[in-house]
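K.L.:
this is the structure alone, sequence omitted:
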């Protein structure tokens, strides 16, 4: 099944095309991005049941970009009606363009060229099995209640087992002189988070499931209840880790956090423009083990961060950032690419039509390898298996990384001992960490239950992951 494109945008499209033609008579380049996005968040826990609109990246409106031979300007609006569209050329001419006179003297006029569009016309939609809207609130809440109750019944030590489901439908229309593109996207995400307590100790375990798809993930979420509850009970026996450098196995969720924080932000090329990313100096050089190939891939609807074109009308791509250990390229939005005289990679993303486009990640991951997880564990004389990534911070200018991991399972003489440490901080210098990778598992997993913030904490949907990796890292 495929998403049906917005009837609002379909009806408005002829008027937007007339507006485009009018503006093209005055400006060398004009583009219009119109969107309609809506979704819901459902939660079942001991504190009750809640259903709320998912408003973070929702909304209905449009943004127009024009080039007046001096620079680019943008105008956003949410009055999507024919009458107001007739007023826009005058607003842009009289109010927006004169704002260039208020630019500080220290900032020179741009000399960007006119954007060259290739002729592209299409309408595409993500595929799914179950439409959350059609399924209805009652059935979704019933499914979440079953998950919640199963978690509570697992052990008397389980205090609560919140079960969460959210989805977002986003329709976008992009028009320019040579482009007429429509995309209808649907992503869904679910979370189980059992909370357990014993002898004054309280811990949680966070298990996300996501997809470029629909409510079918609710059935997938149910299968992780037992393992999540087992893990949170193990955390009740956890101890603090002895700080030091260890051989570790990073499970795919931790691998994904490393890919996102350690290298994803570091190759966002708007940071190159600002001279805030060390990666700019290492293009064409080894920055990782030859085993490592890293992608940022929005195409193919592989996860929640997927789309068919970005918010500047660039077709989504599979960008190979690291290839067999060598840093090949970064990711960029259109304006950044013009600054650096490079080709945009289709990573210009807005939180909504009201915010500017930044260079943003999509689905960021390390390719799988050929090693079996059991062989990777067997290769470690003493170390830890890291899972349940929590949060991370990166420093693109100095390539430092610090990631919080909720669970570290002890490995001794090639076997898991059952001992658990929590919480754990993974830190180090990014190239040292990536160059230490000596084994990569033959399985592969992506997760996109969260968002990535940038700029003035403007959020977009992303996913990350990959395979399990064996590396040498600092833990504390």
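P.N.:
Noted; the coordinates are in hand. Everything numeric here is computed off the predicted structure, so don't read it as measured data.

K.L.:
all helices for the chain, in order.
P.N.:
For the chain, helices defined by DSSP state H occupy the ranges 7-24, 82-85, 88-91, 132-135, 137-154, 217-222, 225-235, 252-257, 270-273, 334-340, 373-378, 430-435.

K.L.:
report pLDDT for the closest residue in space to residue 387 that isn't next to it in sequence.
P.N.:
Using Cβ to Cβ, 6 or more residues apart in numbering and skipping the chain neighbours, the partner closest in space to residue 387 is residue 251 (4.2 Å). C-beta: built from backbone N, CA, C; applies to glycine. On the pLDDT scale, residue 251 is placed at 98.

K.L.:
I'd say residue 251 and residue 384 touch.
P.N.:
No: using Cβ atoms under 8 Å, residue 251 makes no contact with residue 384, being 10.9 Å away.

K.L.:
list phi and psi for the residue nearest to residue 324 when sequence neighbours are not counted.
P.N.:
Closest residue in space to residue 324, ignoring its immediate chain neighbours: residue 290 at 5.0 Å, by Cβ to Cβ, 6+ apart. Torsion angles at residue 290 (phi, psi; degrees, to the nearest 10) stand at phi -60, psi -10.

K.L.:
follow-up on the earlier one: would JSON lines of the helices of the chain with mean neighbour count be doable?
P.N.:
Shown next, in JSON lines, are the helices of the chain (neighbours: other Cβ atoms under 10 Å):
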{"stretch": "helix 7-24", "mean neighbour count": "15"}
{"stretch": "helix 82-85", "mean neighbour count": "13"}
{"stretch": "helix 88-91", "mean neighbour count": "15"}
{"stretch": "helix 132-135", "mean neighbour count": "16"}
{"stretch": "helix 137-154", "mean neighbour count": "17"}
{"stretch": "helix 217-222", "mean neighbour count": "19"}
{"stretch": "helix 225-235", "mean neighbour count": "20"}
{"stretch": "helix 252-257", "mean neighbour count": "27"}
{"stretch": "helix 270-273", "mean neighbour count": "21"}
{"stretch": "helix 334-340", "mean neighbour count": "20"}
{"stretch": "helix 373-378", "mean neighbour count": "16"}
{"stretch": "helix 430-435", "mean neighbour count": "21"}
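
K.L.:
which of those helices sits closest to residue 168?
P.N.:
helix 132-135 (9.6 Å; Cβ to Cβ).

K.L.:
OK, contacts around the residue nearest to residue 387?
P.N.:
By Cβ atoms under 8 Å, 6 or more residues apart in numbering, the contact list for residue 251 reads 385, 386, 387, 468.

K.L.:
which one of those sits closest to residue 377?
P.N.:
residue 385 (6.7 Å).

K.L.:
run the chain-centre distance for the longest strand along the chain.
P.N.:
Assignment by DSSP state E gives strand 29-45 as the longest strand of the chain. Its chain's average C-alpha position is 15 Å from that of strand 29-45, according to Cα atoms, centre = their mean, to the nearest Å.

K.L.:
what about the stretch 101-250 of the chain, any weak spots by pLDDT?
P.N.:
Across the stretch 101-250 of the chain, the ranges flagged by pLDDT under 70 are 101-114, 116-117.

K.L.:
what do you get if the cut-off is 90, keeping everything else the same?
P.N.:
Within the stretch 101-250 of the chain, the stretches with pLDDT under 90 are 101-118.

K.L.:
quick one: the strands in it?
P.N.:
For the stretch 101-250 of the chain, applying DSSP state E, counting those that start in this stretch gives strands covering 120-125, 158-160, 163-176, 179-192, 195-198, 201-204, 207-211, 244-250.

K.L.:
any idea of the angle the fourth one forms with strand 207-211?
P.N.:
Read it as strand 179-192. For strand 179-192 against strand 207-211, the angle by axes from the mean of the first three to the mean of the last three Cα atoms, to 10 degrees is 160 degrees.

K.L.:
near residue 86, how many other residues are there?
P.N.:
13 (other Cβ atoms under 10 Å).

K.L.:
that one and residue 332, how far apart?
P.N.:
35 Å (Cβ to Cβ, to the nearest Å).

K.L.:
what sits against the closest residue to residue 370 other than its chain neighbours?
P.N.:
Using Cβ to Cβ, 6+ apart and skipping the chain neighbours, the partner closest in space to residue 370 is residue 442 (5.4 Å). Counting by Cβ under 8 Å, 6+ apart, residue 442 touches 368, 369, 370, 371, 372, 467.

K.L.:
how about residue 339?
P.N.:
By Cβ under 8 Å, 6+ apart, the contact list for residue 339 reads residue 273.

K.L.:
and residue 291, by the same measure?
P.N.:
Residue 291 sits in contact with 324, 325, 369, 437, 438, 439, 440, where contact means Cβ under 8 Å, 6+ apart.

K.L.:
try 6 Å this time
P.N.:
The contact partners of residue 291, by Cβ atoms under 6 Å, 6 or more residues apart in numbering, come to 437, 440.
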